[in-house]
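Participant: mind folding the following:
(2 chains)
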Amino acid sequence: MKTPPDAFEHDLERLALRELPPHWRQEILARAQKPRIAPPRALAFVLAAAWLVIFTLHALTPTPEKPPQAQNAPVFAPSSLFALNHHLDLLQP
Amino acid sequence: MMPRSSQLERLYDTHAAGVFHYLHGIVRSEADAKDLLQELFIKLSRLTLPADLDNERAYLLRIAHRLAIDWLRRHASREKAEQSHPQALFAPQDDPDADRFARRVEAALHELPPEQRSIAEMKLWHGLTFEQIAGAQQIPLNTAASRYRYALEKLRGLLKPLYDELKP
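Facilitator: Okay, the predicted model is just below:
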């Protein structure tokens, strides 16, 4: 869509935009071209692969049998059971 | 085509000043407009420019517009607080009358609603067509054209006394 510009529009168009400070050029272009660290997607991929290796190794490693005395060992030491029973007695009405 | 170092430099030399002033017109802060210009060039360094790009300025202003709108969403209250200083948009003129006119145009642009001012800038100083403006701002073509007409009429009214004085 085009409309023919009038003299007023021409006079406005003729105004030149102000230049930027010269030192901005180096600053902006240097930052724009700075090497970046690995993007998050690649980082996530590496972490996921590392965890996969850890889980696989863990699954493939045979777990040692528990010693027989450990299987038959009481859950609480006798002294702990005594103390617990004593507290229960105290709580009884 | 990936913007290489020399291409990025060419884009900067050709468009940075215009894009900066466009951003400044929206965010109204030189520091923030510079940050957004930096963000734009970081984006450009990662982007593949479309092979069939017919107008680089329109393409860059489209990205700049989105960056500025996102910025405004994040800084709505701050933007309102910084609405008092007209932007130094135009280069100093050798002729005092021309310089006076340029400064008055800056002040008049400052009085326009932001959506009209940005379109006036795109049309008058970036040479974009209404189709390109509509594409850059994601608005209907007729809206772009009517906002420009409103902006131009307001500028004409605001500048008429000085314009008549300088151009008898």
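
Participant: residue of chain B with the smallest distance to chain A?
Facilitator: B:Phe41 (3.9 Å; Cβ to the nearest Cβ). Yep, even glycine has a C-beta here, placed from its N, CA and C like the rest.

Participant: okay, now that residue: neighbour count?
Facilitator: By other Cβ atoms under 10 Å in any protein chain shown, the residues close to B:Phe41 number 21.

Participant: count the residues that sit near B:Leu8.
Facilitator: 18.

Participant: surely it touches B:Leu44?
Facilitator: Yes: if you go by Cβ atoms under 8 Å, B:Leu8 and B:Leu44 touch, sitting 6.3 Å apart.

Participant: in chain B, which spans are helices?
Facilitator: Here chain B has its helices, by DSSP state H, at B:5-27, B:30-46, B:56-74, B:76-81, B:96-110, B:114-125, B:130-137, B:141-166.

Participant: still on that earlier bit, hey, what's in contact with both of B:Leu8 and B:Leu44?
Facilitator: Shared contacts of B:Leu8 and B:Leu44, defined by Cβ atoms under 8 Å, 6 or more residues apart in numbering or on different chains, comprise A:Ala32.

Participant: can you list the residues of chain A near chain B?
Facilitator: Contacts of chain A with chain B, taken as Cβ under 8 Å from any Cβ of the partner chain, map to A:1-3, A:7-9, A:11-13, A:15-20, A:24-25, A:28-29, A:31-33.

Participant: please redo it, this time with the cut-off set to 10 Å
Facilitator: Contact residues (Cβ under 10 Å from any Cβ of the partner chain) of chain A with chain B: A:1-3, A:5-21, A:24-29, A:31-34, A:36, A:39.

Participant: which of those count as buried?
Facilitator: Buried members of those, counted by 16 or more other Cβ atoms under 10 Å in any protein chain shown: A:Glu9, A:Asp11, A:Leu12, A:Leu15, A:Leu17, A:Arg18, A:Leu20, A:Trp24, A:Ile28, A:Leu29, A:Ala32, A:Gln33.

Participant: name the element the third one belongs to?
Facilitator: For A:Leu12, the element it lies in under DSSP states H and E is helix A:7-13.

Participant: and that helix, average pLDDT?
Facilitator: What helix A:7-13 shows for mean pLDDT is 93.

Participant: by contact count, what packs against that helix?
Facilitator: Contacts defined by 3 or more Cβ pairs under 10 Å, 6 or more residues apart in numbering or on different chains; DSSP states H and E place helix A:7-13 against helix B:96-110, helix B:114-125, helix B:141-166.

Participant: okay, those in a markdown table with mean neighbour count, mean pLDDT and distance to B:Gly25 next?
Facilitator: Putting these into a markdown table (neighbours: other Cβ atoms under 10 Å in any protein chain shown; pLDDT from 0 to 100; distance: least, Cβ to Cβ, whole Å) gives the following:
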| stretch | mean neighbour count | mean pLDDT | distance to B:Gly25 |
| --- | --- | --- | --- |
| helix B:96-110 | 17 | 94 | 7 |
| helix B:114-125 | 22 | 94 | 6 |
| helix B:141-166 | 16 | 95 | 12 |
